[in-house]
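*Asks:* generate a structure from the sequence data that follows.
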Amino acid sequence: VHICVLGEVDIKVDGVSVTDKLSNKAIGLLCFLCTNKGKKFTRDRLCTFFWNNTTIENARYNLRYSLWVLRKIFNHEDCDLFISSKDSCMINPEFDYQECYSTLLFKLAKLYSENSMYSESIVVLNEVLKINPYREDIYLELMNLYIQINDIQAALKEYKKCEYILREELNIRPSEEVIN
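*Replies:* Residues are numbered from 1 along each chain as shown. A predicted model of the protein is given here:
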């Protein structure tokens with residue numbers, strides 16, 4: 001998730017702009033909650049902030065609808081950006097953006113691989129390594145992909161990268177699964 005509020009507002013999920021799918025109030029709500037990450041706001045307070053020129057019933061409906069749209073775009077299977085109850089709403093303070101993004105990228109890479117789109121899978125897995133270069137499972141997946149496309153040199157190169165980063169940064173060697 002990338003939110004740019006300098007100049008023209010641009011909100012991206014997985015590199016794709018979703019700004020046009022959001023109303024101005026939903027964008028404002030998202031930005032407000034993100035800038036107050038971890039702070040709980042009552043629904044009535046949010047209604048007053050964003051829909052003060054309408055009845056409380058209409059304001060509550062608009063808030064529910066805006067939250068529904070935001071959840072639909074931002075919440076994924078393993079990653080809940082919003083925490084809300086009947087009375088309050090907030091950005092999840094424990095939401096791990098990078099881990100969620102890595103998980104989603106890994107799932108995308110698996111889908112590419114299952115559909116024999118190996119080069120796309122390799123590109124996506126390398127994105128995961130940019131976020132966390134210590135993930136042996138990603139190196140292993142890359143090595144297996146290179147073996148599937150008969151590029152043994154590239155598979156060995158991935159092993160060497162894994163071995164180097166683990167030795168230099170963490171002073172450990174790759175797991176037996178990666179070595180074998």
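
*Asks:* list the buried residues of the helix or strand where Leu105 lies.
*Replies:* Assigned by DSSP states H and E, Leu105 belongs to helix 97-114. The neighbour-count check on helix 97-114 (16 or more other C-beta atoms under 10 Å) flags 100-106, 108-109, 112-113 as buried. Using the backbone N, CA and C atoms, a C-beta is placed for each residue, glycine as well.

*Asks:* dump these to JSON lines, plus pLDDT and distance to Ala154.
*Replies:* Listed next are the buried residues of helix 97-114 as JSON lines, based on pLDDT from 0 to 100; distance: C-beta to C-beta, whole Å:
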{"residue": "Cys100", "pLDDT": "67", "distance to Ala154": "29"}
{"residue": "Tyr101", "pLDDT": "74", "distance to Ala154": "25"}
{"residue": "Ser102", "pLDDT": "80", "distance to Ala154": "22"}
{"residue": "Thr103", "pLDDT": "78", "distance to Ala154": "25"}
{"residue": "Leu104", "pLDDT": "78", "distance to Ala154": "25"}
{"residue": "Leu105", "pLDDT": "84", "distance to Ala154": "20"}
{"residue": "Phe106", "pLDDT": "87", "distance to Ala154": "19"}
{"residue": "Leu108", "pLDDT": "87", "distance to Ala154": "20"}
{"residue": "Ala109", "pLDDT": "91", "distance to Ala154": "16"}
{"residue": "Tyr112", "pLDDT": "91", "distance to Ala154": "16"}
{"residue": "Ser113", "pLDDT": "92", "distance to Ala154": "15"}
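
*Asks:* next, format those residues as TSV and append distance to Thr55.
*Replies:* Formatted as TSV, the buried residues of helix 97-114 follow (distance: C-beta to C-beta, whole Å):
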residue	distance to Thr55
Cys100	37
Tyr101	39
Ser102	44
Thr103	41
Leu104	39
Leu105	44
Phe106	46
Leu108	44
Ala109	49
Tyr112	49
Ser113	53
